[in-house]
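> Show me the folded form of this:
(2 chains)
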Amino acid sequence: MRFLFKTDYEDDIKLFPHSGYWVSYGVLLALLLIAPYVLSSYLMSQLVFVCIYAIVGVALLILTGFTGQASLGHAAFLAIGAYTAAYLQTYNVPFPVYFLAAGLLTGIIGAMVGFPALRLTGIYLVIATISFALIVEEILARWESVTHGNEGMRVKTLSLLGVAVPRDSPTFYYLCLAVLVLTIVGTLNLLRSPTGRAFVAIRDSETAARSMGVNVALYKVKSFAISAAITGFAGVLFAHKLSFISPEMFTLQLSIEFIIVILIGGAFSLHGAVLGAIFIVMIDPFLTYLKDDMPGMIAGIAAAFGAGPATAGDIQSKVAAFASLNGLKGAIYGIIIVLFVLFEPLGLYGRWLKIKLFFQLFPLYKRATFKRQKIYVKSERNR
Amino acid sequence: MLDFVQQLVSGVALGCVYGLIALGFVLVYKATEVVNFAQGDLMMLGGFFAFTFIGMMGLNYWVGFAGAVAAMALFGMLAERVVVRPILGYPQFSIIMATIGLGYFLRSIAGMIWGTDDLKIETPFSQGVLRIGSLVLAYDKLSVIAATMILCTLLWLFFNKTTLGTAMRASSENMLAAYYMGIPVKRVVSIVWAISAAVATCAGVLLAPITFIHSNVGLVLGLKAFPAAVLGGFGSIPGAVVGGVLIGVIESMAGFYLPEGWKDVAPYVVLLAVLLLKPEGLFGHHVRKKV
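Numbers count the residues shown, from 1 in each chain, chains lettered A, B, ... in the order given. Model (predicted):
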C-alpha cells in the first residue's frame, strides 16, 4: 500500500497525487485514442454517446453531487444547447461560434433558473426544475418560427475550419472526447478552487457555509449557470450526433436518465459520471445481445444437464418468447435502479473503491469500512 | 357566464382527480419524508386489480372494489418491505430513485400481464348526468369529487386525532426520537404505505370510467398530481386537495380561454409563480433551523 506524505496544501489539491495516476490515465487515453481503429462502427457510435452523457453527468454532478441542488430538468438545458446550435447553423454561423454561443445562452438561462431556485430546497426544487423542463419542452413545440415545432429540425453536418466532420467519423469522436476531457479537467480545477470548496460547503450545510462567510445565493446561481452551460455544450454535440432534433427527444425521461447516470456511477466523484454514462449507454446493446443469445445458451445448458433435444428446443422457444415480451426492458431497467440503490448506494465508483481497498489491505479488509453509520431520518424540513 | 361556471365545475372535478392522487403522495411524505414517485403506478396497478376482480372474475362492483383496495394495501406493504425498508434513513434522493425504479418495474410488468389496450370497468356511475339548471355534471365525476372529500376528511382526522396518526407525524419529525418514545417506526412506515396504496387504489378505480386503465395512466396523472401536492405544501392533507382543485381549474380555464398549448403548461407556470412567492407551498409552514 502506498502512503502519500503531504507536507503542504499544494500536495493536498494536486490533480495527480502520484506518478501512478500519470501511467493509468495515460494508458486509458491511449486506448481511447486508438479505439476508432479497433472497435466496430456501432460501438464507436455508442462511445460518442458515452462521451455526451458523461459531459452531462459531470455537469449534473457539479450541481447535484457537489452543490447539493437536485435537478430533474437537465434535458431542457440539453435541448436549449441543441436548438441554439441548430438555429444558428441556419445562418451559417461557424461551429466554434455557435458552440460557445450555445454554452453561453444555456448558462444565462441556467442562472435565470438558479435565481428562483434559491429559496427552494429538496422536493420543491425538484418539482420546480421539472416544471421548467416541461415549459421548455412546450415552448420548443410551439415556437414554430424558430424551432419548427413538432416537425423537428435537421442539423447540418458539422464543419470545423472548413472541413466537414460527419457524425460517424473518428474526428467527431475525437471532438467529443476532447470536450469531455476538457470538461473533466476544468471541473477538477473548479472543485479545488475557492468556488468549488464553497459549493461543497453549501452541500454539507447551508447554514454553516453562510456563517463561514460563503455567499450562498451567489454560489448557488454560479453552480446552476456552470452546470447548465456545460450541458449546453453537450447539447450541441448531441444535436450533431443525432443530426435531427425534435421536442419529444428532450422529455422528463431523459432528465431521469441523467440522474440515473450519476446515481449508478456514484454521486460523489467525477469518475461516477463517466462510469454511469458507460452503463446507461451500453445497457441497451447488452440487453439486445442477451435477448438474441440467451435462449440458445439456456437451451445449451439444459442439454448439458441431460435434457433431450425436444425439451431443449422447447425451453429455447419459451425463453425466446419471454425475452421478446413487450416492456421487458423497462422492468429490467427498474430492477437495476432498485438493486443499485439497495445494495450499492455509492455506485459503480464506490464498488471500484471497495475492490481496490480489498486488494490494498488484502487480508485485513472489513466490510464495516463502508457501512453507513446514521440509519435514521431526521426531518429535513427544519434545514 | 354559463361557460365560465361550466368550466369551473369541470375544472373542480378534474382537480379532485389530481387531489385524490396527490393525497397518496402527501400521506407517505407526511409520515416518512419520502416522496413516492411510484404513487401514480400504484394507482394504475390498483385499477388493474379492480379490473381483474370486476371485469374478469365477474364480482360485484363493490366487492371487487374492496378486494382491490385490500390487495393493494398488502402490495403497498410488500413494496415498502422490499424497496424502502432496507434504505430507510438514507438520503431522500436515494429513496426517490428507488421509487422511480419501482415505477418503471410496475409499469412494464402491468403492460406484460394486462396488455397495452385501454381497459374499462363497468361502474354504477358510468351512465347518467346530474343537471342543475343548465349545468351538466356526469355521475362518474361526481363520485370522484365525493370520494376525494370523504377521504380527505377521514385522513385529516386520522392524522390529527388518532394515536397512530400522531405516531406517524412524530416519526417523520425525528425517527430516532420517535423510536425512543416507544413508537414502532418500521411498522408505522409499513402501515402508511398500506394506506397510501389503498388510497391510490380508490383513485384508480374511480378514475377507470374517466381515464380508462392502461399501463401509463399512472405516469401521466402522477405528473399532474405531483405539482398539486407541491402547490398545497407537500405535508398538508387539505393542501393536497386544494392544490389539486387549483391545478384542475387552471388547466380547464387555460384550455378554454387561452390559445392552444397553454392548457398543459399553465399549471406549471402558476406552480413556479407560487413557489417564487411562497417556497413552502400554500399550506406548508416555514421552520427555521437551529444551529
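> which bits of the stretch 101-250 of chain B sit near chain A?
B:101-109, B:111-112, B:116, B:172-176, B:179, B:185, B:215, B:223, B:226-227, B:230, B:234-235 (C-beta under 8 Å from any C-beta of the partner chain). All C-beta atoms are positioned from the backbone trio N, CA, C, and that covers glycine.
> What's the PyMOL line that selects buried ones from these?
Selection of buried members from these for PyMOL, criterion 16 or more other C-beta atoms under 10 Å in any protein chain shown:
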select buried, chain B and resi 101+102+103+104+105+106+107+108+109+111+112+172+174+175+179+185+215+226+227+230+234+235
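> Give me the subset of the residues of the stretch 101-250 of chain B next to chain A that lies in helices.
B:101-109, B:111-112, B:172-173, B:175-176, B:179, B:185, B:223, B:226-227, B:230 (DSSP state H).
> Show me the shaky parts of chain B.
B:125-126, B:284-291 (pLDDT under 70).
> Hmm, I typed the wrong one, I wanted chain A.
In chain A (pLDDT under 70), the answer is A:1, A:323-326, A:373-383.
> Give me the most central residue, it.
Nearest to the geometric centre of chain A sits A:G57, at 2.6 Å (C-alpha atoms, centre = their mean).
> ranges for the strands of the stretch 101-250 of chain A?
Assigned by DSSP state E, counting those that start in this stretch, the strands in the stretch 101-250 of chain A fall at A:153-154, A:158-160, A:163-165, A:244-245.
> For these, give me JSON lines that also has distance to chain B.
Output for the strands of the stretch 101-250 of chain A, formatted as JSON lines (distance: least, C-beta to the nearest C-beta, whole Å):
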{"stretch": "strand A:153-154", "distance to chain B": "18"}
{"stretch": "strand A:158-160", "distance to chain B": "32"}
{"stretch": "strand A:163-165", "distance to chain B": "36"}
{"stretch": "strand A:244-245", "distance to chain B": "19"}
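> Please dump these into a markdown table; it should also carry distance to A:A86 and mean neighbour count for every row.
Output for these, formatted as a markdown table (distance: least, C-beta to C-beta, whole Å; neighbours: other C-beta atoms under 10 Å in any protein chain shown):
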| stretch | distance to A:A86 | mean neighbour count |
| --- | --- | --- |
| strand A:153-154 | 4 | 17 |
| strand A:158-160 | 12 | 17 |
| strand A:163-165 | 16 | 13 |
| strand A:244-245 | 6 | 18 |
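> Now tabulate those in a markdown table and tack on distance to A:F16.
Putting the strands of the stretch 101-250 of chain A into a markdown table (distance: least, C-beta to C-beta, whole Å) gives the following:
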| stretch | distance to A:F16 |
| --- | --- |
| strand A:153-154 | 42 |
| strand A:158-160 | 30 |
| strand A:163-165 | 31 |
| strand A:244-245 | 38 |
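> Around A:A302, how many other residues sit close by?
18 (other C-beta atoms under 10 Å in any protein chain shown).
> What of A:P96?
A:P96 has 10 nearby residues by other C-beta under 10 Å.
> can you tell me if the helix or strand that contains it touches chain B.
Per DSSP states H and E, A:P96 falls inside helix A:95-117. Yes: residues of helix A:95-117 contacting chain B under C-beta under 8 Å from any C-beta: A:P116.
> I'd like to know which elements that helix is packed against.
helix A:74-89, helix A:122-142, strand A:158-160, helix A:216-242, helix B:262-277 (3 or more C-beta pairs under 8 Å, 6 or more residues apart in numbering or on different chains; DSSP states H and E).
> could you dump the ones you listed to TSV with distance to A:G68?
Below are the helices and strands packed on helix A:95-117 laid out as TSV (distance: least, C-beta to C-beta, whole Å):
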stretch	distance to A:G68
helix A:74-89	16
helix A:122-142	10
strand A:158-160	36
helix A:216-242	9
helix B:262-277	18
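> of all the ones you listed, which lies closest to B:V9?
Closest of those to B:V9 is helix B:262-277, at 17.1 Å (criterion: C-beta to C-beta).
> buried set for whichever strand or helix holds A:L43?
Here A:L43, judged by DSSP H and E, is contained in helix A:41-60. By neighbour count on 16+ other C-beta under 10 Å, the buried set for helix A:41-60 is A:44-60.
> Could you give the separation of it from the chain centroid?
8 Å (C-alpha atoms, centre = their mean, to the nearest Å).
> And stretch A:63-72, by the same measure?
13 Å.
> Now tell me what touches it from outside.
Residues outside stretch A:63-72 that contact it (C-beta atoms under 8 Å, 6 or more residues apart in numbering or on different chains): A:60, A:117, A:122, A:125-126, A:129-130, A:133, A:191, A:196, A:199-200, A:202-204, A:219-220, A:223-224, A:227, A:252, A:255-256, A:259, A:262, A:267-268, A:272, B:93.
> ranges for the helices of the stretch 251-383 of chain A?
Using DSSP state H, counting those that start in this stretch, the helices of the stretch 251-383 of chain A run over A:252-265, A:270-304, A:309-323, A:328-343, A:347-360.
> Out of those helices, which gets nearest to chain B?
Nearest of the helices of the stretch 251-383 of chain A to chain B, taken as C-beta to the nearest C-beta: helix A:328-343 at 3.1 Å.
> burial count for the residue nearest to B:P209 when sequence neighbours are not counted?
Leaving out its chain neighbours, the residue that sits closest to B:P209 by C-beta to C-beta, 6 or more residues apart in numbering or on different chains is B:D140, at 4.4 Å. By other C-beta under 10 Å, the residues close to B:D140 number 20.
> Phi and psi next, for B:D140.
phi -60, psi -40 (degrees, to the nearest 10).
> swap in B:I213?
Here is the backbone geometry of B:I213 (degrees, to the nearest 10): phi -110, psi 120.
> how far away is the residue lying closest to it once chain neighbours are set aside from B:A200?
Among residues not flanking B:I213 along the chain, B:G47 sits closest, at 4.0 Å (C-beta to C-beta, 6+ apart). Going from B:G47 to B:A200 by C-beta to C-beta, to the nearest Å gives 9 Å.
> One more: A:I355?
Distance from A:I355 to B:A200, by C-beta to C-beta: 41 Å.
> ok, the two, which is more surrounded?
Per other C-beta under 10 Å, whichever of A:I355 and B:A200 has more neighbours is B:A200, with 33 against 11.
> What segments of the stretch 1-150 of chain B are strands?
Using DSSP E, counting those that start in this stretch, strands in the stretch 1-150 of chain B cover B:129-132, B:135-138.
> Quick check: residues of the stretch 1-150 of chain A near chain B?
A:70, A:116, A:119-124, A:126-128, A:130-132, A:134-135, A:138, A:141-142.
> any idea how far A:F3 is from the nearest residue to A:Y365 once chain neighbours are set aside?
Excluding the flanking residues, the one nearest A:Y365 by C-beta to C-beta, 6+ apart is A:F358, at 4.5 Å. Using C-beta to C-beta, one gets 18 Å for the distance from A:F358 to A:F3.
> Looking at these two, which is more packed in?
A:F358 (15 against 4).
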